[in-house]
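Novice: Sequence first, then the predicted structure:
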Amino acid sequence: MPDARPRRIILGVDPSLTATGFAALLDDGSRAPAAPAPGLGFAHTVRAPAKGTLYDRLNDFWSKLLAVLEEFEVYVGSLSAQAGESVPVDVVIEDATSLRSRGAGHAKVNALSAARLGAAVGVVMVTVAGTAHVRWPVTTYTVDEWVPKRRLGRGGWTAPVQHDRVVAFYRDYQPALAQASDDEVMAYALACFHRERTREAH
């Protein structure tokens, strides 16, 4: 855990029914160009069973989400106690339901996959909104809004390649992500985007 006390915690969430990544970015408010990568304070991946009815899979998924969010609340409480004041939390969730077919060379999401993905995103949003004792503000970003194309290049990529490039970039950017799942890395990347988008307000 970094020594500097964070001015806020940004919990990034990269949702899917297969694997939902959580990563808490510790924002110390630094704006220096050469500042180190924001700290990683909390990371988890929640996986639903691969088999079973959609209802059973979502029910298991929801139970695991609750457990992770309750653990995160304890973590936030611990940081707040160390700081002697409540540390604010922002929650950012990728709105993966915006994925759509883009034609040749791009991943296509079929109707069944889209329905499952939408259900997972909905469960994540409802669980986050209903779990926190202190209502944390929740922001959603579509893939088109946040995936850092300018930093990673725009030319000739397919969605899987873009995903791999984002993961590789952020593993290099934040060494603490070396053993993290790809879903946790994507959640951290989303939190970084939100930090840059909202830093003037903090």
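Specialist: Alright, I've got the coordinates. Numbers count the residues shown, from 1 in each chain.

Novice: for this structure, what spans make up the helices?
Specialist: For the chain, applying DSSP state H gives helices covering 54-83, 111-131, 143-146, 149-152, 159-173, 182-198.

Novice: Let me know which of those is tucked in deepest.
Specialist: Of the helices of the chain, the one with the most neighbours on average (mean count of other CB atoms under 10 Å) is helix 182-198, at a mean of 23. C-beta here means a position set from N, CA and C on the backbone, and glycine is covered the same way.

Novice: packing partners for that one?
Specialist: On a contact count with 3 or more CB pairs under 8 Å, 6 or more residues apart in numbering; DSSP states H and E, helix 182-198 meets strand 8-14, strand 20-27, strand 39-46, strand 89-95, strand 138-142, helix 143-146, helix 159-173.

Novice: any idea of the mean pLDDT for stretch 69-87?
Specialist: Stretch 69-87 comes out with an average pLDDT of 91.

Novice: For it, output the C-alpha coordinates as PDB.
Specialist: Presented in PDB, the C-alpha positions along stretch 69-87 are these (Å, rounded to 0.1, in the frame of the first residue of the first chain):
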ATOM      1  CA  LEU A  69     -18.000  -5.100  -2.400                       C
ATOM      2  CA  GLU A  70     -18.400  -5.700   1.300                       C
ATOM      3  CA  GLU A  71     -14.600  -6.400   1.500                       C
ATOM      4  CA  PHE A  72     -14.000  -3.200  -0.400                       C
ATOM      5  CA  GLU A  73     -16.100  -1.300   2.100                       C
ATOM      6  CA  VAL A  74     -13.900  -2.600   4.900                       C
ATOM      7  CA  TYR A  75     -10.800  -1.600   2.900                       C
ATOM      8  CA  VAL A  76     -12.200   2.000   2.400                       C
ATOM      9  CA  GLY A  77     -13.100   2.100   6.100                       C
ATOM     10  CA  SER A  78      -9.500   1.100   7.000                       C
ATOM     11  CA  LEU A  79      -8.000   3.800   4.800                       C
ATOM     12  CA  SER A  80     -10.400   6.400   6.200                       C
ATOM     13  CA  ALA A  81      -9.500   5.500   9.700                       C
ATOM     14  CA  GLN A  82      -5.800   5.900   8.900                       C
ATOM     15  CA  ALA A  83      -6.500   9.300   7.300                       C
ATOM     16  CA  GLY A  84      -8.600  10.500  10.200                       C
ATOM     17  CA  GLU A  85     -11.400  11.400   7.800                       C
ATOM     18  CA  SER A  86     -13.600   9.800   5.300                       C
ATOM     19  CA  VAL A  87     -11.900   9.200   2.000                       C
END
